[in-house]
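J.: Sequence first, predicted coordinates after that:
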Amino acid sequence: MPISNTLRCAALGLVAAPSLLSAQNRKPVTDEAAVMASAKTVHASVLSIDTHVDIAPSNFSATGPNYTQKLPRTQVDLAKMEEGGLGGAFLVVYVGQSPKLDDAAFASANAQALEKFDAIHRLTEQLAPSRSEIAYTAADARRIHAAGKRVIFIGVENGFPIGADITNVQKFFERGGRYMSLAHNGHSQLSDSNTGERDGVWLHNGLSPLGRQVIAEMNRLGMMIDVSHPSKQSMLQTIALSKAPIIASHSGVRAICNHSRNMDDEQLTALKKNGGVIQLVAFNSYVKCDPARDLPREQARAAAMTDLRAEFGITATDRREQQAQIQALADEKRNAYLAKQEDITARRYPSDPPANVKDFVNHIDYVVKLIGIDHVGISSDFDGGGGVDGWRNASESLNVTAELVRRGYSKSEIEKIWGGNLLRVMEQAAAASKR
C-alpha cells in the first residue's frame, strides 16, 4: 500500500479501527436485538440490488434442476434471493477474453454471449414469470419489486463479444443489457485491462479508437458504462468522454486493498465529479489483501496446483471444465487428487482468515467518507468467485443490512446504498440518451 494511502487509511480509522463512524457522525447501535429488529424492517422495505452475479446457462434449462430452485452449487438462484430478501440482481453475460482478436474469436464470443442472454430470458419468460421479471428501466425495477417479484437486470461483462461490429451494442441493449464493461482480464479490442499492471504491457494506452466509438454508442442508447475491469487510464478516459454517469459494477477501494481491480482515490474523486457510483464488491481478495505477502504465496500455490493437475492429467483451463475432469476420475484417483489439493491449499500455502462482512463494509465507509453517500452501492460477484464470511450466498443478504444498521446508517442511506444510487445512474443514462 502506498505511504499516502496508508496515512489516509490511518486518518480515517481503517488501519486501527473497524469503521468511520466518528468521521461520519453516525451513532453506532450496540444492542444486537435492536440491530436485527431494525435490519429486518429496513431490509424488507428497500429494493436491494446486487449488481454482479455470474451465471451458467446449464442452470437455466427447462428440464432438471434449474435457477427456480435452491441449487446446491450456486450462490444465487431465485430461491436464495427470496430467502435472503434480495430484491434484484444483475445476471451477467460474461465471456472470457481470448488473446486472439480476430473474426473467429469474435464469432465464438458472440455465440457464448447470446447463449447467456437466452438463458436469462428463459428464466423470466418461461421458467418463473410469476416470480421474476427483466427490468429494462429503473421504473420497471420499482414496479416489479412492488409486485413481489425478483427484479432481474442484465449486465454484460467484457465487450469482447461485440467484435468489430458496433451494431452489436444496440443488439445487446435490445436484449436487455443495461451495462457493459469494455474489457475483462486481458486487453480487448476496445480497451486495456487492469491486468496490464502485472507486466506494464498495454495494447491501447486506455481506450482503443473503436472503444471510444462504443462509449458514444452506449451513451446514445442509454446503456450504463461499467469500468470495473478496464485499466485506470481507460476508466479516466471514459469519464472524459461519457455524457452520462458511469458505474463500477464490482470493485473495491485500493487504499484498503492494493489490487489493480480496485479504485484509487483519484479514480473515486473522478467518479464523484462524473456523478457515477462504485458498487463495492464482496470478493475476498479485493476486500482484504497484503500484496507484498500474498503474491509470492499465491504464485507458489498456483505453481503447485499446475503441477498437480499435470500429474493427474487435468488439462482444462476453465474452472468448471477442470472440476468436470476431476469428477470424471476414478474414485481412488479422485480422492488422491483431492487429498493432495488440500495439502497444497490448507497446509503448504494456507490463506489468511477470510474477509467478513465487517471488512466489506469498511470499503463502503471509506467511499462514503471520501466522495459521499450518493456514489456507493453493493455487489457480490457471486458464482464468479465472490463472497465473504457472513455473505456467502444470496440467502445471507440481510447480514449486510445488519452491519450497516450496526454502524448507524439510516434507512434512507441504506436504501441508496442497496440500489437507489444505481437506479439514479440508470435513469440519468437513459435521460442523457435523449439529449
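T.: Perfect, I can see it now.
J.: only C-alpha atoms for contact and neighbour calcs from this point on.
T.: Will do.
J.: just the helices in the stretch 1-150 of the chain please.
T.: Counting by DSSP state H, counting those that start in this stretch, the stretch 1-150 of the chain has helices at residues 3-12, 21-24, 32-45, 78-84, 103-122, 138-146.
J.: K116 - how many residues pack around it?
T.: Using other C-alpha atoms under 10 Å as the criterion, K116 is surrounded by 24 other residues.
J.: how close does it get to Y94?
T.: Going from K116 to Y94 by C-alpha to C-alpha, to the nearest Å gives 8 Å.
J.: likewise Q237?
T.: Relative to Y94, Q237 is positioned 23 Å away (C-alpha to C-alpha).
J.: Report the buried residues of stretch 115-133.
T.: 116-117, 119-124, 127-128, 131-133 (16 or more other C-alpha atoms under 10 Å).
J.: Now these in CSV, please, with extra columns for pLDDT.
T.: Below are the buried residues of stretch 115-133 laid out as CSV (pLDDT from 0 to 100):
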residue, pLDDT
K116, 98
F117, 98
A119, 98
I120, 98
H121, 98
R122, 98
L123, 98
T124, 98
L127, 98
A128, 98
R131, 98
S132, 98
E133, 98
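J.: Greatest separation within these: which pair is it?
T.: K116 and R131 (19.4 Å; C-alpha to C-alpha).
J.: Any stretches of this structure with poor pLDDT?
T.: Under the criterion pLDDT under 70, the flagged ranges of the chain are 1-24.
J.: Swap in 90 and give it another go.
T.: For the chain, residues meeting the criterion pLDDT under 90 lie at 1-25, 64, 198-199, 290-298, 317-321, 342, 345-347, 349-353, 435.
J.: Tell me how it divides into domains.
T.: Domain assignment for the chain by automatic domain parsing gives 20-288+354-432, 294-348.
J.: picking that back up, of the helices of the stretch 1-150 of the chain, which is nearest V400?
T.: helix 32-45 (9.0 Å).
J.: Show me what that closest one is packed up against.
T.: Using 3 or more C-alpha pairs under 8 Å, 6 or more residues apart in numbering; DSSP states H and E as the contact test, the elements touching helix 32-45 are helix 398-406.
J.: Distance from the helix it packs on to the middle of the chain?
T.: 19 Å (C-alpha atoms, centre = their mean, to the nearest Å).
J.: Please list all residues in contact with the spatially closest residue to S231 that is not a sequence neighbour.
T.: Counting by C-alpha to C-alpha, 6 or more residues apart in numbering, N194 is the residue found nearest to S231 once chain neighbours are left out, at 4.0 Å. With contact set as C-alpha atoms under 8 Å, 6 or more residues apart in numbering, N194 has these partners: 185-186, 229-232, 260-261.
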